[in-house]
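1. can't give you the sequence, but here's the structure:
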């Protein structure tokens, strides 16, 4: 692969552009916001989403979708809730049938419960589709700090080809055929990151946080298997790895939302105060809907939903989680 | 159960004394150091190991082992490398055959590869033996911050009885019959905590740390299963839960050892500078020996061993881990 288009000029899209450019590909970022695409093309920075990173001057950016629809590799790094709209728009630009489409955003579509790769497969039935996920803060990847990710593809050949493209001394990729498991882990962990942050905001300590994240992992496995993922995937980089980095890092937007919720701030005020979208806020609804539809017991997701969307007090939600009857650890919940 | 003896006057022993006393038991701490036992009995503090916690005045302490050998519940909370010696000493004090022995220290015995409960079972073949483990910083438990733990007992009745004794509104326990899995998780995680700290000391970021801890979890499962544990136990509080709290908390002594190693300090100087024993330093050897004896592939444990005990440079060890061939994620290593 020699040419790549990154759909989305946010922090992760820009960081992935850096990886691919370092690997020698011709890289163009597409974004709706012409201020940002102009800044990337002309000043080689993305001050809003990746401050203090100097981009390779060969990384171009545009807000003209048609001009970048012929690349061999097309990354979807727009927010999950606009993935379908962007994909529909791209379809009209006659993408070659052998262009590889790579879903890099983490989320589940509201209403349908579709994963990002399912949306792409529906709209581009003839193209190879794969996913990339893992414990990756964009800032660190852009700064070339050692990072690892998983590439999921049903077709092993596609997975191996993408692994080649995404391998650098400081960026390692593993392959997997469990596309569903990879995507579900990435979407679900944001809910637990908000919950972990909320516990922190409430003044709980490291013990409670670890217990909460561990019980969250159990919910991820339970729900993820019901949604078609393989149990072992959730023990890997895109499952527990991403869960840890999101719950334990100050970079994490979702965790910060949780901390503010725990301190008693209202969701609207929190969202207004943030520069970027915290995907977990949207995803809590879609994940909660999936769990209810599939009849999977998810006490932590339920309480997170109640706090975020029904105005339940975080202290009461936590109290209810803590007062559940003592049980054997390995039972369903 | 009405009477409990805590063997070990360190931070975890003292914190567990607080839990049992709060539950209404008559609690006595035994320790070798009479300065500390006197302080606990007379001033109701343990300034060296649990500073800034006021103990219940009803918690007594002694350095006379014989006087506390008749309790219904006896907790072993001495460092793992002296567990056998203390157990041998206690045996001479005629412990009642129905006294329940609870192993609360995390470690594997050097040379034999025995788990703590195996040592107790060998020395007290007639007594009920169980284990308690989980993501618990002693300081937080003593301060009554919400925490959770797992009690492992082969005899379900013993497990349920202990669960009753260790249940408080802010301390929740789950039961399990996988004694081996619980103990192995607790011993192995210290090695990864040192490795995670080393990565931090080397200046790596959150992405690398998450990848390292995730690969560590995979090694824990592989080695743990070979040592007789059940895979799902490592996904629980005593496995991944304890791994997270140890790798991500500033309370963790093992993590601090790693950070100093990563910054280029020598092990002897690090040990000299610390007030308490970092169990992981001892355990890296015993865990490494177990892995070699069982022929389990453990690249991370091997590199940690080489850094800690063979003077290998942390940067070189990390470089070798990062340069391993790209692989499918689910393969053995």
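-> Perfect, I can see it now. Just so it is clear, the model here is predicted, and its values are computed rather than measured.
2. tell me the secondary structure for the most centrally placed residue in chain A?
-> Closest residue to the average C-alpha location of chain A: residue A:106 at 2.6 Å, with CA atoms, centre = their mean. Assigned with DSSP: H, G, I helix; E, B strand; the rest coil, residue A:106 falls in the coil class.
3. now do the buried residues in stretch A:257-268.
-> By 16 or more other CB atoms under 10 Å in any protein chain shown, the buried positions in stretch A:257-268 come out as A:257, A:258, A:259, A:260, A:261, A:262. Just so you know, the C-beta spots here come from the backbone N, C-alpha and C atoms, and that holds for glycine as well.
4. could you list the low-pLDDT ranges of the stretch 151-300 of chain A?
-> Scanning the stretch 151-300 of chain A for pLDDT under 70 picks out A:275-277.
5. what does it have sitting close to chain B?
-> By CB under 8 Å from any CB of the partner chain, the part of the stretch 151-300 of chain A that sits against chain B consists of A:163, A:167, A:169-170, A:172-176, A:204-211, A:213-214, A:217-218, A:221, A:232-233, A:235-237, A:240-242, A:244-245, A:248-249, A:251.
6. give me that answer again for 6 Å
-> A:163, A:167, A:174-176, A:204-208, A:210-211, A:214, A:232, A:236-237, A:240-241, A:244-245, A:248-249 (CB under 6 Å from any CB of the partner chain).
7. residue A:166 touches residue A:175, doesn't it?
-> No - applying CB atoms under 6 Å, one finds residue A:166 not in contact with residue A:175, separated by 10.2 Å.
8. turn the buried residues of stretch A:257-268 into JSON lines, including secondary structure.
-> Below are the buried residues of stretch A:257-268 laid out as JSON lines (three-state DSSP):
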{"residue": "A:257", "secondary structure": "helix"}
{"residue": "A:258", "secondary structure": "helix"}
{"residue": "A:259", "secondary structure": "helix"}
{"residue": "A:260", "secondary structure": "helix"}
{"residue": "A:261", "secondary structure": "helix"}
{"residue": "A:262", "secondary structure": "helix"}
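9. elements contacting the host helix or strand of residue A:186?
-> Per DSSP states H and E, residue A:186 falls inside helix A:179-201. Contacts defined by 3 or more CB pairs under 6 Å, 6 or more residues apart in numbering or on different chains; DSSP states H and E place helix A:179-201 against strand A:129-133, strand A:147-152, helix A:206-226, helix A:242-248, helix A:253-262, helix A:279-294, helix A:299-309.
10. same for the fifth one, what does it pack against?
-> Read that as helix A:253-262. helix A:179-201.
11. give me that answer again for 8 Å
-> Applying 3 or more CB pairs under 8 Å, 6 or more residues apart in numbering or on different chains; DSSP states H and E, one finds that helix A:253-262 makes contact with helix A:179-201, helix A:242-248, helix A:267-273, helix A:279-294.
12. ditto for the fourth one
-> Using 3+ CB pairs under 8 Å, 6+ apart as the contact test, the elements touching helix A:242-248 are helix A:179-201, helix A:206-226, helix A:253-262, helix B:206-226, helix B:242-248.
13. now the first one: how far from the chain's centre is it?
-> I take that to be helix A:179-201. Relative to its chain's centre, helix A:179-201 lies at 9 Å (CA atoms, centre = their mean, to the nearest Å).
14. now swap in the fourth one and tell me
-> A distance of 18 Å separates the centroid of the chain from that of helix B:206-226, by CA atoms, centre = their mean.
15. which stretches of the stretch 1-150 of chain A form strands?
-> Using DSSP state E, counting those that start in this stretch, the strands of the stretch 1-150 of chain A run over residues A:3-7, A:26-30, A:60-62, A:73-76, A:100-103, A:129-133, A:147-152.
16. mind giving me JSON lines with those and columns for distance to residue B:144?
-> Output for the strands of the stretch 1-150 of chain A, formatted as JSON lines (distance: least, CB to CB, whole Å):
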{"stretch": "strand A:3-7", "distance to residue B:144": "50"}
{"stretch": "strand A:26-30", "distance to residue B:144": "51"}
{"stretch": "strand A:60-62", "distance to residue B:144": "54"}
{"stretch": "strand A:73-76", "distance to residue B:144": "48"}
{"stretch": "strand A:100-103", "distance to residue B:144": "45"}
{"stretch": "strand A:129-133", "distance to residue B:144": "39"}
{"stretch": "strand A:147-152", "distance to residue B:144": "39"}
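17. picking that back up, what's the overlap in contacts for residue A:166 and residue A:175?
-> residue A:151 (CB atoms under 8 Å, 6 or more residues apart in numbering or on different chains).
18. picking up where we left off before, and the helices and strands packed on helix A:253-262 as TSV, adding distance to residue B:73?
-> Output for those, formatted as TSV (distance: least, CB to CB, whole Å):
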stretch	distance to residue B:73
helix A:179-201	31
helix A:242-248	35
helix A:267-273	47
helix A:279-294	40
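19. so which of those gets nearest residue B:118?
-> Residue B:118 lies closest to helix A:242-248 among these, at 31.0 Å (CB to CB).
20. coming back round to it: would you list the strands of the stretch 1-150 of chain A in CSV and tack on distance to residue A:328 and mean neighbour count?
-> Below are the strands of the stretch 1-150 of chain A laid out as CSV (distance: least, CB to CB, whole Å; neighbours: other CB atoms under 10 Å in any protein chain shown):
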stretch, distance to residue A:328, mean neighbour count
strand A:3-7, 47, 26
strand A:26-30, 51, 25
strand A:60-62, 54, 21
strand A:73-76, 42, 25
strand A:100-103, 38, 25
strand A:129-133, 32, 27
strand A:147-152, 32, 28
